[in-house]
Structure formats: C-alpha cells, structure tokens
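**Student:** Below are the sequence and a predicted model; questions follow.
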Amino acid sequence: MEENTKKLITNIVCTLLYAIFTLILVLHHETWADEAQVWLLAKHLSVFDFSLFKHLVNEGHPSFFYILMMPFAKMNISIMFMQIFCWLCMVASVFLFLQYSPFNKFAKFAIVTSSGFLYFFPVIARSYSIIPLLVFVLAFLYPKSAKHPYWYAALLFMLANTHVIMFAFCGLLALDFLYENLIKVRKELDKNSIKKYAAAFGIMCIGLIAVVLQLHGTTSSNVVIRIDYTDNFVINTIKVLSQFFINAVDNQWPENQQIMFPLLNLPLILLSVFLYIGLLAAILIKNKKFFTIVFLSILFQIIIYIYYYSHWIFVTRIFCAHIILIFCLWLLLQQENISEKFKKIINFVVALFFLFTCLNGLKYSVMDIKYDYSGAKETAQWIEKHIDKDKSVIITDNDPYSIGIVYYLNGANEIYSAQHEYNIKYVVWDKKIFYILDKDGWDKYAKYVADNEYFKNKKIYALVPFFDTDILKVSELKNYKLIYQSHPAIVKLEGFRIYEYLGDIK
C-alpha cells in the first residue's frame, strides 16, 4: 500500500473516531442561552429589511454565522441543525488538519484531543465552531494564494465577518497578501495579474469594512460590551491573562465554581505560560513576519478582553487565539530553511502545551452527559405541562438567562420581560437588563402587572434564575410560593425556580 493511501485511510479512521465521540456529546447537549439567542435572532430578524444588521450593533457579533443559520431557523426546525452544522465544521477541520498540516503524529493527537477540539468547539454551537475550519483552509491555501486569490479573499471575508476577535488576524493577512502579491513583485506582473490581485485585496477590505460598519456603536448599545475607564487597567490585565491560561487548563464548573484538578493546576498553568512564550519566541527567531501576525492578532484579542469584556474569557475564545498560533506554526514548519531538529522541538512543545488542556475537555464531556448543560429544556417542559398559557403570565426579570426557555417553549407559553414589558423573542442588551427585582420588587411588580389590562384575571408566576434567587434573597418572598426548581446544571446561571404569586392583586 502506498504511503499516501495509508496516511489517508489512517486520517479518515481517526476523523471518524473523533466524529463519533463528539457526536455523542452533541446529542446529549442541552441548548443554553447564547446558542438560543443566535437561533432566535436568525428566526425573527431578516437581512432584507436590515433588521438583523440594525440589531447586530447591540449583539457585538458580525453577521456571517447568523446569515448561514437564517434560512433554517425561519423554517422553524430544531436548533439541532445548528449543532450538527457546527459539529460537521469541526469534523471537517480535524480531517483537514490531520491530512495536510506539517505537525507530527504526537502534536496532531494532542491538538485534536485538546479541550477546544474535544468539547468546546464541536459541542457548543456558536460562530466559534466554524473558525478552525476557515483558518485551516487558509493555512492550506496560503502558499497557493497567488494562484487562488479569490478563494483566499473569500475566506478572509467570511472569517472577518464570523467573529470580531479575528478582525486583526484577517487584516494582517490581507496586508501580507497585498505585499507578497502586488507590492513586492509589482514590476514582474502584467496588467491582468495586477487587476486580479487588486480585486482580491478589495474583497478583503470590503469584508473588514463590513465588520466596522456592522459593529460601530456596540460599546454604547450593548451594556455588557463597553469601555469603562474607571476600571483598573492593571487588575483587568491580570484577570484576563490569568483566565487565558487557567481556563484552558481547568475551566471552572460553573454550577459550584469548582476547580476539578487543584493539585495539577498550578504546575500545568505555569508550564503552559512557559511553553507559550517559548513557541512565540521560536516563531520570532525563525520568521519575523509570522511572529508579527500571531503576536498582533492575539494582542488584539487580549486588548478587547481587557477594555471591553473582561467578565469571563470562555475556552472557545482562548482557543481562537490558539488556532492563530497553530496557523503560524503550520506555515513555519513548511519553510524549507527549518531544520529537522527544530521541527521536532516545536512539535514536542506544541504537543505538551495542548495535552495540558485535555483533562478540561474530558471533564466537560463527562459532565455534559451526566448533567444538563442548562436547566432551560427541563424548565420549559415543566411549564408546558403545568402552566396554562391562556390563563397565566410568566414573568422574568432576567432575559439573558431565560432565553433558552423561550426557545424550548417555541410559543407554547410566553415569557414576559419585566424590564422591557414585552414577551421575549430575543435578548436586547441595553441598560434595562441590569434592572433585577429584589424580594420587595417582585411584590410591587406583581401588583403593577395586575393593573395592566392585558394581564387581568391571569395567574402570575415568577421565573427566576438561580443567580437572582441566591443574590437577591428571592426565596424570602412572602407572597410567593416556590412550585418548581430545576436540577443542577453545568451553567449555574441557567438553573431556574418558578414561584406562584399568592398575594392579593385586586
């Protein structure tokens, strides 16, 4: 059997094993708020009346992933389509990586079994899940970008409009394309070639400009994504950099904020930092252009987190930076001037760095099978069974955490937003979402609702995430009776309690 055929068969088998393992997790995974928000936006908004683009400034994400999902969401099919789509993108990216990347078998195994690839990218269905595929195709096409400029440009256009944290990476690759294919060799090109490369660069620029136009004003529209100069820069920087390395190695289980492997954490995290710096230093020594791309692209992401969103650095975001690192190492290892000894060292360091995250992926894989990821599905099923839609009103004061329930109910019952005073279709991230009712506020709000003609003669229920009940002492309400509590979920903020209002509202 030829070596190439043997390699192909081996990689197909490995990809199938990866696909089976991750598909089991996908089929066990309950939709949570962020996934539901994407699907409901695609369902209720449109590109034709520009309602999607008008809302995206509030969302903080560009449009590509929403547009991909929109036709299927509007067909009112299950969100499982989005989950399978994201899973398929990861399966394709793994095959592409195994088949065409220059890493050795040890490094490939470590990357494919790392937490991002094993769990967070294939199972959590969001725009992050398509980033590895787009980046790996770019890595494959990079040496051939002069032969396929339009394909290369289209990929950069799509990637830039998938997530804002890839903006700098796409911009730097666009400038690299301009220099390598136009500026550097302009005297050797004919007019048709100049036009072709200029047009491809133009497509890249349009993609980058589109991101700016779609998200201009996000920091004033979205109350969570903001620049707050009162925050301590040093504290935010320490917080972000700590989470960047800690969460990839052992992300906390949000149900109880528990670190699962405390004895391993400190040495693994310190080694991760050392190995990461080592990889960046190696790229700097061997290829300053690739170092500039990886360093500035990741620095851009870190700056966004420090100034705009330092609340929680999710593993998917961390691995988007790691994907850029893989991209630059992929290109570096393909260079002819790289010695075999250097390649072996790089592969060994890469393998160690990503193996340190493997336990985190396995931990979440086991938990997602053992526990509900979110309490939204269970709560929605209970509501449908026990609360009469026509004779009741269910009120929540926390739209962001309740949106998963809205998806699962699918109109069987409505969830009324206390802040916005309408039945929730999707989350609007304005200042009102911070108006959370305390124990006295719920009683006052129930009386206000009772005076509203729309709700007259309807039974009132309060839907409260565990987050609110724990912090605001909702359990101490005198006029409310606890009638339902969801089981522990991986996402603590999406455990729910339902209270029946017993007070006199006449």
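**Tutor:** That came in fine, so what should we check first? Treat the numbers as computed from the prediction; the structure is a model and nothing was measured.
**Student:** For residue 230, report the pLDDT, please.
**Tutor:** pLDDT recorded at residue 230 is 57.
**Student:** and the helix or strand harbouring residue 122, what does it pack onto?
**Tutor:** Under the criterion of DSSP states H and E, residue 122 resides in helix 121-123. If you count contacts as 3 or more CB pairs under 8 Å, 6 or more residues apart in numbering; DSSP states H and E, helix 121-123 packs onto helix 3-28, helix 80-100, helix 358-370. Heads up, the C-betas are built off the backbone N, CA and C, glycines and all.
**Student:** Helix or strand next in line after the one helix or strand in the chain whose mean pLDDT sits lowest, which one?
**Tutor:** Ranking every helix and strand in the chain by mean pLDDT, DSSP states H and E puts helix 466-472 at the bottom, with a mean of 58. For helix 466-472, the following helix or strand on the C-terminal side (DSSP H and E) is strand 480-485.
**Student:** which residues touch the residue most central in space within the chain?
**Tutor:** Ranked by distance to the mean C-alpha position of the chain (CA atoms, centre = their mean), the top residue is residue 128 at 4.5 Å. Going by CB atoms under 8 Å, 6 or more residues apart in numbering, residue 128 touches 120-121, 163, 316-317, 319-320.
**Student:** Distance to residue 98 and pLDDT added to those, as JSON lines?
**Tutor:** Output for the contacts of residue 128, formatted as JSON lines (distance: CB to CB, whole Å; pLDDT from 0 to 100):
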{"residue": "120", "distance to residue 98": "19", "pLDDT": "96"}
{"residue": "121", "distance to residue 98": "15", "pLDDT": "97"}
{"residue": "163", "distance to residue 98": "24", "pLDDT": "96"}
{"residue": "316", "distance to residue 98": "21", "pLDDT": "93"}
{"residue": "317", "distance to residue 98": "24", "pLDDT": "93"}
{"residue": "319", "distance to residue 98": "17", "pLDDT": "96"}
{"residue": "320", "distance to residue 98": "20", "pLDDT": "96"}
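**Student:** ok, back up a step: for the helices and strands packed on helix 121-123, which one ends up most surrounded?
**Tutor:** Scoring the helices and strands packed on helix 121-123 by mean neighbour count under mean count of other CB atoms under 10 Å gives helix 80-100 as the most buried, with a mean of 20.
**Student:** now for it, which elements pack on it?
**Tutor:** Short answer (3+ CB pairs under 8 Å, 6+ apart): helix 80-100 packs on helix 3-28, helix 33-44, helix 64-73, helix 105-112, helix 121-123, helix 131-141.
**Student:** and of the ones you listed, who's closest to residue 413?
**Tutor:** helix 33-44 (15.2 Å; CB to CB).
**Student:** if we look at the closest one, which residues are touching it?
**Tutor:** 31, 52, 55, 59, 65-67, 69-70, 72-74, 76, 79, 82-83, 124-127, 374, 376, 400-404, 406-408, 425-427, 491, 493-494.
**Student:** coming back round to it: going by neighbour count, which of the contacts of residue 128 comes out on top?
**Tutor:** residue 121 (31 neighbours; other CB atoms under 10 Å).
**Student:** Can you list the residue ranges for helices in the stretch 301-450 of the chain?
**Tutor:** 315-333, 340-355, 358-370, 376-386, 399-409, 439-450 (DSSP state H, counting those that start in this stretch).
**Student:** what stretches of the stretch 101-250 of the chain score poorly on pLDDT?
**Tutor:** 227-231 (pLDDT under 70).
**Student:** quick one: the helix or strand harbouring residue 500 to helix 439-450, angle?
**Tutor:** Using DSSP H and E, the element containing residue 500 is strand 496-501. In terms of direction (axes from the mean of the first three to the mean of the last three CA atoms, to 10 degrees), strand 496-501 departs from helix 439-450 by 60 degrees.
**Student:** who's in contact with strand 496-501?
**Tutor:** Against strand 496-501 from outside (CB under 8 Å, 6+ apart): 375-376, 379, 382-383, 394, 402, 405, 442, 446, 459-466, 469, 474-475, 477, 479-486.
**Student:** relative to helix 376-386, how tilted is that strand?
**Tutor:** 30 degrees.
**Student:** Strand 496-501 pairs with which strands, parallel or anti?
**Tutor:** Here strand 496-501 is paired, per DSSP bridges, with strand 459-465 (antiparallel), strand 480-485 (antiparallel).
**Student:** Tell me which of these sits nearest to residue 156.
**Tutor:** Of the strands paired with strand 496-501, nearest to residue 156 by CB to CB is strand 459-465, at 39.4 Å.
**Student:** In that closest one, which of the residues would be classed as buried?
**Tutor:** 460-465 (16 or more other CB atoms under 10 Å).
**Student:** before we move on, what about stretch 496-506?
**Tutor:** Neighbour-count burial for stretch 496-506 [16+ other CB under 10 Å]: 496-501, 505.
**Student:** With pLDDT and distance to residue 94 added, can I get the residues you listed in JSON lines?
**Tutor:** Formatted as JSON lines, the buried residues of stretch 496-506 follow (pLDDT from 0 to 100; distance: CB to CB, whole Å):
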{"residue": "496", "pLDDT": "92", "distance to residue 94": "35"}
{"residue": "497", "pLDDT": "90", "distance to residue 94": "40"}
{"residue": "498", "pLDDT": "92", "distance to residue 94": "41"}
{"residue": "499", "pLDDT": "89", "distance to residue 94": "46"}
{"residue": "500", "pLDDT": "90", "distance to residue 94": "49"}
{"residue": "501", "pLDDT": "86", "distance to residue 94": "51"}
{"residue": "505", "pLDDT": "51", "distance to residue 94": "57"}
